[in-house]
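[1] I would like to see how this sequence folds:
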Amino acid sequence: MKKKTLIGIGVCAIVILIGLFLTRWYIDSQVEALEVVETALCDFIVEEIVQIDFNDKTTQSFVKPGEDWINKVREDVHYNQGLLKNVAYQMSHLTSYKILKNPKDIGAYGINEHSKVITVYNTLNEVNTFRIGNKVPEENATYVWNDEKEELALVLDINLASIMVPTDEMIDPNFKAPAYESVTKMSLSKKNQLVMEVTRESESWSVGVPFITTHKVLDGQVQDYITLFENIKKEKVVEEVGDLESYGLASPELLIVLNDEYKLEFGSSQNGLIYFRSSEDSGIYLIKEAAVNTLFEVEPFSWIDKTLYTFDRKALKEVIVTKGEEVYTLQLKESENVPNLNGHVLDGTTKEMLLSALEGLSAYSYLSNTSFEENNPRPAEVTIQYINVDQSEVTLEFVPYDPSFDLFRMDNHIEFSVEKKMVVDLIELLKNTLQAQVQQ
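    Got it, this is the predicted structure:
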């Protein structure tokens, strides 16, 4: 039984091989020798060509109403003008390397219903139609059929270079976003969830969302981010647009909005490319994912000035630091013998050292979920009270969290952790300074 099965398989294999051989033999038998003839294939000079139609995976029609070429159905999409002008030039200068008139079967040369078809129109609406067939690698050439002349030509590939570019790649690759100087507001959302929002007044940027209070943005941070838009290069345009969901653009992976109106939307990815569209035009494009990955890597906490509280030295009257029964009062104005610490006069160098230490207090990390701590407040271990000349006050509280970190509370809100060592070092500095002044 096993032997019969093996024989059957062998017979089938032989039949298949014979079939392939006969098919190849038939095709080869239909291929006729082409005569080496160099002749112009297109009847129009480049100045006369006003329309070029491509029928391949999709049908695209380009017209030239003025200086520039546009897609008849996608007029707002920006195409590569240099490339389209070169297509028109190559079509007008299309020249045979070899030629065959009245071939027996053009299908033997790859000319069939699947062929790429290019039709050019002149100003009189006359047409020349060309069908692209098989490549001939050994001659670096490709078969081209001319409908009007019913001639088969072999054309050198170098003369078809621009013509053979897929139409979805004929776009202008450059993305033109608003200039940084014109941007006064920017928001970032992921999957329709607002991640961050920054606004500018004069040359200074501040961030609100996701923070409870507004924080100063580090110098150059927003400009550096907007500069990354220059990395956006369009690789392809989606020529037959379907449901936005299929591109991940119904709920974008990343949405950047400039000045509440100009949008950059990034959708799903495939094979190293990501779907993208913007307010520049109506097109949906594929761009290189690696070129824009940095735009996704936004950590709001890394953008901000992490100083816990920025006080106005000119307006500050006194600072009171309390830890349990330890109280340190730094008087700066409206008192005799100022500046002083608990009544002990300080020299200018010591005053500067203490103020710099207060200004250097900074956040360690952002805490996104602190509702329990805010709704069940615990007493602070250390407080710093800033009192201004106009009697306005601000109090910073440091609540124990673990051996290494405290929670920072201000106006009954907690959004940062701080290093406990930083707070301990401040208390030690005040204690040592006071002891030094007492011993003088």
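[2] all helices for the stretch 251-400 of the chain, in order.
    Along the stretch 251-400 of the chain, counting by DSSP state H, counting those that start in this stretch, helices occupy 289-296, 300-303, 348-359, 371-375.
[3] so what's the closest residue to K323 other than its chain neighbours bridging to?
    Among residues not flanking K323 along the chain, V382 sits closest, at 4.8 Å (C-beta to C-beta, 6 or more residues apart in numbering). The C-beta positions use only the backbone N, C-alpha and C, and glycine is treated the same way. Bridge pairing for V382 (DSSP bridges) gives the partners K323, F398.
[4] would you agree V382 is in contact with L430?
    No: counting by C-beta atoms under 8 Å, V382 sits too far from L430 to count as a contact (10.6 Å).
[5] among those two, which residue is more densely surrounded?
    When neighbours are counted by other C-beta atoms under 10 Å, V382 and L430 differ, and L430 comes out ahead with 23 against 20.
[6] which residue, other than its chain neighbours, is closest to the more buried one?
    Distances taken as C-beta to C-beta, 6+ apart put Y328 closest to L430, at 4.2 Å, once the chain neighbours are dropped.
[7] what do you get for L34?
    Nearest non-adjacent residue to L34, counting by C-beta to C-beta, 6+ apart: K98, 3.7 Å away.
[8] pull the helix or strand with minimum mean pLDDT from this structure.
    Sorting the helices and strands of the chain by mean pLDDT, DSSP states H and E puts helix 2-30 at the bottom, at a mean of 50.
[9] which strands or helices does the helix or strand following that helix pack on?
    As assigned by DSSP states H and E, the chain's next helix or strand after helix 2-30 is strand 49-55. Judged by 3 or more C-beta pairs under 8 Å, 6 or more residues apart in numbering; DSSP states H and E, the packing partners of strand 49-55 are strand 59-63, helix 81-92, strand 116-122.
[10] just so I know, which of the ones you listed lies nearest E299?
    Closest to E299 of those, according to C-beta to C-beta: helix 81-92, at 39.8 Å.
[11] how far off strand 116-122 does the closest one point, in degrees?
    For helix 81-92 against strand 116-122, the angle by axes from the mean of the first three to the mean of the last three C-alpha atoms, to 10 degrees is 90 degrees.
[12] which of the residues in helix 81-92 are buried?
    Residues 84-88, 90-92 are the ones in helix 81-92 that count as buried (16 or more other C-beta atoms under 10 Å).
[13] now the two most distant members of those.
    Across the buried residues of helix 81-92, the longest distance by C-beta to C-beta is 12.9 Å; it joins L84 and S92.
[14] would you agree S187 is in contact with T199?
    No: judged on C-beta under 8 Å, S187 makes no contact with T199 at a distance of 9.3 Å.
[15] related to what we said a few turns ago, and L244, which of the helices and strands packed on strand 49-55 is closest to it?
    With C-beta to C-beta as the measure, strand 59-63 is the member of these nearest L244 (21.5 Å).
[16] about what we covered before: shared neighbours, V382 and L430?
    Common neighbours of V382 and L430, counting by C-beta atoms under 8 Å, 6 or more residues apart in numbering, are V321.
[17] wait, L83 touches A161, no?
    No: counting by C-beta under 8 Å, A161 is not a contact partner of L83; they are 10.0 Å apart.
[18] now stretch 427-440 - C-alpha only, CSV.
    Below are the C-alpha coordinates for stretch 427-440, written out as CSV (Å, rounded to 0.1, in the frame of the first residue of the first chain):
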residue,chain,number,x,y,z
ILE,A,427,16.5,71.6,59.4
GLU,A,428,20.2,70.7,60.2
LEU,A,429,21.3,73.8,58.3
LEU,A,430,19.0,76.0,60.3
LYS,A,431,20.0,74.3,63.6
ASN,A,432,23.7,74.7,62.9
THR,A,433,23.4,78.2,61.8
LEU,A,434,21.5,79.2,64.9
GLN,A,435,24.0,77.5,67.2
ALA,A,436,26.8,79.3,65.4
GLN,A,437,25.1,82.7,65.9
VAL,A,438,24.4,82.0,69.6
GLN,A,439,28.1,81.1,70.2
GLN,A,440,29.3,84.4,68.7
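[19] noted, bye for now.
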